[in-house]
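K.L.:
any chance you can model this:
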Amino acid sequence: MSKLNKQNIKTMNDPKENRFKQIIEENGGRINSICSYYCPNAEDQKVMVQEVLVNIWKSLDKFRGESTISTWIYRIAVNTSLSFTGKTYRNLKLYIDKDPLAMNILLDEGELEQKLKTEEQLEQLEISLNQLSVIDKALISLVLEGLSLREIADVVGLTEPNVKVKIHRIKEQLKQLLNN
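P.N.:
Prediction:
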């Protein structure tokens, strides 16, 4: 049997590799999305995504199933993204999609129509988001991903009521920043 065929057979019989491939197939969009919040440069995003994948591979045997696999993936992606930024994490920029519909999550619909009609206003929202603390940026990125309060709490290691209060305060802070 050729060397290539032996490697293919080994790969097909490796449960960890099969599990990893399935996880990445099911969660690749989540990983890319989280990385895009923290890194606007496409090349740096690719490097960050690779770092997340390496961390998932290294941690795969340690996953105990105490949370959903997607929550575990988000935790690794957020932590890796924060680590990836290194010493500049305090100045970390959060990059958002410029689609006003995506901002419905952060502002009430009526306010959204009034405040986010122009590209300039969307840029102001991004500037306001980047005035938030690192943990608040992480929370908002998970809110924008559509995670539930429970999932966000699991990812960031806070209680669900604490997450709810923090998100409410962040939204209020964003409203105030946009009104100034």
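K.L.:
contacts, neighbours, all on C-alpha from now
P.N.:
Fine.
K.L.:
helix, strand, or coil at the residue positioned nearest the centre of the chain?
P.N.:
Most central in the chain under Cα atoms, centre = their mean is Ile34, positioned 2.8 Å from the mean C-alpha point. Here Ile34 is recorded as helix under DSSP: H, G, I helix; E, B strand; the rest coil.
K.L.:
so where's this structure shaky on pLDDT?
P.N.:
Counting by pLDDT under 70, the chain shows low-confidence ranges at 1-13, 86-121, 180.
K.L.:
domains in it, as residue ranges please.
P.N.:
With automatic domain parsing as the criterion, the domains of the chain are listed as 1-92, 98-180.
K.L.:
check the offset of the first one from the chain's centre.
P.N.:
Here the centre of domain 1-92 is set off from its chain's centre by 12 Å, with Cα atoms, centre = their mean, to the nearest Å.
K.L.:
what sits up against stretch 73-87?
P.N.:
Judged by Cα atoms under 8 Å, 6 or more residues apart in numbering, the contacts made with stretch 73-87 from elsewhere in the structure are 27, 30-31, 34-35, 38, 48, 51-52, 55-56, 89, 92, 138, 154-156.
K.L.:
mind checking which of these are in helices?
P.N.:
Among the contacts of stretch 73-87, the members found in helices (DSSP state H) are 27, 30-31, 34-35, 38, 48, 51-52, 55-56, 138, 154-156.
K.L.:
among those, the buried ones, what's the ChimeraX command?
P.N.:
Per 16 or more other Cα atoms under 10 Å, the buried members of the ones in helices among the contacts of stretch 73-87 correspond to this ChimeraX selection:
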select :27,30,31,34,35,38,48,51,52,55,56,138,154,155,156
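K.L.:
nearest to His168 among the ones in helices among the contacts of stretch 73-87?
P.N.:
Using Cα to Cα, Ala138 comes nearest to His168 of these, at 14.3 Å.
K.L.:
quick one, helices of this protein?
P.N.:
Counting by DSSP H, the helices of the chain are 3-13, 15-38, 42-59, 69-84, 109-115, 119-129, 134-144, 149-156, 160-179.
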